[in-house]
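[1] build me a structure from this.
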Amino acid sequence: MRFTRELAAVVALLVLFGALVRSGAGRIVLPLVSLVVAAGLVVLLLKQPAYTRMAVGPRTRILESVPSDTEAECVECAAPATRIRHYVREWVVLGVPVVLLDEGRVPVCDDHRD
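    Next up, the predicted model:
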């Protein structure tokens with residue numbers, strides 16, 4: 001469902017772009033849009049990337065934190081959890097996450113951290 005919405009948005013943008021190219025307003029609007037897109041790319045490339053700059057495709061990040069609730073139990077042994085592992089699976093283009101594919105959290109104890 002998410003893919004169909006994104007595909008519909010891309011098609012709508014291409015139709016709008018085609019209409020602007022054929023109209024007189026395109027002489028003003030298209031250079032401005034090009035400048036905004038270029039500025040957006042510069043901002044993305046200057047930010048600290050979540051992945052290496054050449055990363056393309058699905059990637060997974062794992063972040064650890066201390067549990068805020070004392071009720072969290074380890075998924076392996078049901079002992080009290082000492083860490084929460086947050087995993088994020090994303091589609092990446094040039095080191096920048098573009099689409100979130102999956103996310104979740106896994107409480108673990110010190111014995112099962114590895």
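[2] ok, Leu100 to Leu41 distance?
    Here Leu100 is placed at a distance of 21 Å from Leu41 (C-beta to C-beta, to the nearest Å). All C-beta atoms are positioned from the backbone trio N, CA, C, and that covers glycine.
[3] got a list of contacts for stretch 46-56?
    59, 61, 90, 92-97 (C-beta atoms under 8 Å, 6 or more residues apart in numbering).
[4] nearest residue to the middle of the protein?
    Among the residues of the chain, the one closest to the centroid is Pro97, at 3.3 Å (C-alpha atoms, centre = their mean).
[5] what's near enough to touch that residue?
    Pro97 neighbours (C-beta under 8 Å, 6+ apart): 50-51, 59, 88, 90-91.
[6] burial count for the residue nearest to Ala79 when sequence neighbours are not counted?
    Nearest non-adjacent residue to Ala79, counting by C-beta to C-beta, 6 or more residues apart in numbering: Cys109, 4.5 Å away. With neighbours defined by other C-beta atoms under 10 Å, the count for Cys109 comes to 18.
[7] need the contact list for Cys109.
    74, 76-77, 79-83.
[8] how near is Glu71 to Pro107?
    Applying C-beta to C-beta to Glu71 and Pro107 gives a distance of 9 Å.
[9] so which of those two has more stuff around it?
    Pro107 (20 against 8).
[10] a helix runs through the more buried one, doesn't it?
    No: assignment of Pro107 by DSSP: H, G, I helix; E, B strand; the rest coil gives strand, placing it outside any helix.
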